[in-house]
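fold the following, please.
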Amino acid sequence: MTVIRRHNPVLKQRLLHLLQAGDVEGVRQYLTTLSCTDFRTATWLLGDELCAQAELRTDAFWPLFVALTSFNAKAFLGTMLKAAVRLYNKEYVAFDAAALRPFAAKATSIDATKTLQAFLPTLRTADEVQSLLALFPVMPQQQVVLLTQHLTPATCFVLFLALRQWEHDTALLRQTTFTLLRSPHKLAFNMASIIVHYFGLKDIPAAFSLTLQPYELSRLEVSEELFQKMLMRFTR
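Next up, the predicted model:
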């Protein structure tokens, strides 16, 4: 087991100075000079402390993300994804699909999976989720599986839109519904109810707290906001 030394004031200060100066190439060059021990320390510091401490914003963070993952994806992808989620949650960084495109173009399937798993539970809007999925395209059935694994109000709306494109595939609709019924996620049962009511599925052995009247079904299609209001009924 590799032990990471997390305390190195000189290393920390040097990296912080480069980050605050926006010197992406300087960070990359500095990392090439480090010993294996200090390199591991640097990767930990970047993901857990320094990017947030430097309060990097959208235009500074994503070039750093692309540069470091291009330099060494194995070492830095997890680190930079962790930093990205922290900065996004603090609203320092906006999700920027265009800035991520150079990374996505070279990403391996493992890199893509890690990125999807990091961002799908995090992104706040359906537009962001759809932009992420466009960067890392998968087969429609795989997309449905991914979305059911990472349920948020935003991913539920994207899942609903995806299933509308496959509304004649009753087997897929039923499979998705049963997957949701087995999920412990607080949104899963309401999402299953929406699928059952909207697509008119029969013989689903479940009693739903969320029931939708016929006039409400068309409102699901109107906007993400209206969809989420219905989704969140009876959800705590």
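
show the subsequent helix or strand relative to the longest helix belonging to the chain.
The helix spanning the most residues in the chain, taking DSSP state H as the definition, is helix 73-89. For helix 73-89, the succeeding helix or strand toward the C-terminus, using DSSP states H and E, is helix 97-106.

low-scoring stretches of this protein, by residue?
1-4, 234-236 (pLDDT under 70).

separation between the residue nearest the centre of the chain and residue 24?
Residue closest to the average C-alpha location in the chain (C-alpha atoms, centre = their mean): residue 119, at 1.2 Å. Taking C-beta to C-beta, to the nearest Å as the criterion, residue 119 is separated from residue 24 by 21 Å. To be clear about C-beta, it is placed using only N, CA and C from the backbone, and glycine gets the same treatment.

OK, contacts around the closest residue to residue 195 other than its chain neighbours?
Spatial nearest neighbour of residue 195, chain neighbours left out: residue 177 (5.1 Å); criterion: C-beta to C-beta, 6 or more residues apart in numbering. Residues counted as contacts of residue 177 (C-beta atoms under 8 Å, 6 or more residues apart in numbering) are 192, 195, 196, 201, 204.

next up, the contacts around the fourth one.
Each residue near residue 201 by C-beta under 8 Å, 6+ apart is listed here: 170, 173, 174, 177, 195.

looking at those, which are in helices?
When DSSP H defines the helices, the subset of the contacts of residue 201 inside them is 170, 173, 174, 177, 195.

skipping its backbone neighbours, what lies nearest the third one in space?
Meaning residue 174. Taking C-beta to C-beta, 6+ apart, and ignoring the residues beside it in sequence, residue 174 has residue 201 as its nearest neighbour in space, at 6.2 Å.
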